[in-house]
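Visitor: Got a predicted model here, sequence first, then my questions.
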Amino acid sequence: MSYLSATFRKASLGVAAAIGAFAAWRSPPIFRATYHKQPSKVTELIEAGGDPNQPGWTGMLPIQRASFSGHAETLSALLKGGADPNKVTDSMNIPAISLAAFNGRADAVRLLLASGADPLLPDGDGDCPMDYLRGSPCCSKDIAEEIKDALSEAIRQKLLSPVAHSNHAPR
């Protein structure tokens, strides 16, 4: 991903965040609680039967919003409540882990990986979380290195797992 592409993507994400702020009131309660960084309210709503995988009005999922903002407590509440770390929507086809990587949210990246996020899951354009990190103007060199190490280790574990090789076993 080029710097220009990354800059455009960052601007697009900024516009999406602004639209999200305007439209949060039209979104489901769990999305609103996520937007306002209210982890206890997220937990309460999920325990009352709310769906943590229901997108907001703009198509952004609560887990994508929490990953984008890097609010670890809200992200943790969503994951504990059954949010799918790999889910995307047609209108927001960027995985939560890619949003976290792009914005330099190391805690969110680690939490998503620990919850089963796929470190190789591409977005609608074929870019994976590492591509987002490489194109990010958002984080310091130290944080980028921390995220790169976490993603690299998760990729290594995925490639070495018996499940990864079971599809390629001779028949």
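Guide: Nice, thanks for sending it over.

Visitor: Could you find the closest non-adjacent residue to the residue nearest in space to the middle of the chain?
Guide: Centroid check for the chain by Cα atoms, centre = their mean gives residue 96 as the closest residue, at 1.2 Å. Nearest non-adjacent residue to residue 96, counting by Cβ to Cβ, 6 or more residues apart in numbering: residue 67, 3.8 Å away. No exception for glycine: its C-beta is placed from N, CA and C like everyone else's.

Visitor: Hmm, residue 75 and the one you found touching each other?
Guide: Yes. At 6.2 Å, residue 67 counts as touching residue 75 under the criterion of Cβ atoms under 8 Å.

Visitor: Give me the common contacts of these two.
Guide: With contacts defined as Cβ atoms under 8 Å, 6 or more residues apart in numbering, the residues shared by residue 67 and residue 75 are 108, 112.

Visitor: hang on, the earlier thing: alpha carbons only: can I get the helix or strand the residue nearest to residue 96 falls within in CSV?
Guide: If you go by DSSP states H and E, residue 67 is part of helix 62-69. C-alpha atoms of helix 62-69 as CSV (Å, rounded to 0.1, in the frame of the first residue of the first chain):
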residue,chain,number,x,y,z
PRO,A,62,-19.4,-2.5,17.0
ILE,A,63,-16.2,-4.6,17.0
GLN,A,64,-14.8,-2.5,14.1
ARG,A,65,-15.7,0.7,15.9
ALA,A,66,-14.0,-0.4,19.2
SER,A,67,-10.9,-1.6,17.3
PHE,A,68,-10.8,1.7,15.3
SER,A,69,-10.9,3.7,18.5
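
Visitor: list the buried ones in it?
Guide: For helix 62-69, the neighbour count (16 or more other Cβ atoms under 10 Å) marks 62-69 as buried.

Visitor: As TSV, these with pLDDT and distance to residue 84 would be great.
Guide: Formatted as TSV, the buried residues of helix 62-69 follow (pLDDT from 0 to 100; distance: Cβ to Cβ, whole Å):
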residue	pLDDT	distance to residue 84
62	96	11
63	97	7
64	96	11
65	95	14
66	96	13
67	96	12
68	93	16
69	92	18
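
Visitor: want to try CSV for those, with distance to residue 29 as columns?
Guide: Shown next, in CSV, are the buried residues of helix 62-69 (distance: Cβ to Cβ, whole Å):
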residue, distance to residue 29
62, 10
63, 15
64, 17
65, 13
66, 15
67, 19
68, 19
69, 18
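
Visitor: Alright, that wraps it up for me.
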